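**Student:** sequence plus predicted model, see below.
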Amino acid sequence: MKFERVLFHTQFREYAFNSLKALLHLKKAGLKEVVLVYIIPREDVGFVPYGGYLKDAEKRIHAEAESHFKD
């Protein structure tokens, strides 16, 4: 079986970066694309009593993730 695309989830921790670098060795085996995914934790933006959905927190976390992806 040949892997051409891998989905890699990350929270931008140091060990995750090391794992990502290890994935790059699969290029020799035919890997063409690594898709990076960051999932915003539900507890960081979830409903709070009488407060609703924390849209501002979501935007802040999204912006932080964007800057990490650019780096």
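**Tutor:** Nice, thanks for sending it over.
**Student:** for residue 23, see how far away residue 16 is.
**Tutor:** 11 Å (C-beta to C-beta, to the nearest Å). Using the backbone N, CA and C atoms, a C-beta is placed for each residue, glycine as well.
**Student:** pLDDT-wise, which helix or strand of this protein ranks last?
**Tutor:** helix 42-45 (a mean of 68; mean pLDDT, DSSP states H and E).
**Student:** so how far is the next helix-or-strand element following that one from its chain's centroid?
**Tutor:** Heading C-terminal from helix 42-45, the first helix or strand you meet, by DSSP states H and E, is helix 55-70. Distance, stretch centre to chain centre, for helix 55-70: 11 Å (C-alpha atoms, centre = their mean, to the nearest Å).
**Student:** send me helix 55-70 as CSV with only the CA atoms.
**Tutor:** Listed next in CSV are the C-alpha coordinates belonging to helix 55-70 (Å, rounded to 0.1, in the frame of the first residue of the first chain):
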residue,chain,number,x,y,z
LYS,A,55,-16.5,33.4,19.8
ASP,A,56,-13.7,35.8,20.8
ALA,A,57,-11.8,32.9,22.3
GLU,A,58,-12.2,30.9,19.1
LYS,A,59,-10.9,33.8,17.0
ARG,A,60,-7.9,34.3,19.3
ILE,A,61,-7.0,30.6,19.2
HIS,A,62,-7.5,30.5,15.4
ALA,A,63,-5.2,33.4,15.0
GLU,A,64,-2.5,31.7,17.2
ALA,A,65,-2.8,28.5,15.2
GLU,A,66,-2.5,30.5,11.9
SER,A,67,0.8,32.1,13.1
HIS,A,68,2.1,28.6,14.1
PHE,A,69,1.3,27.2,10.7
LYS,A,70,3.1,30.1,9.0
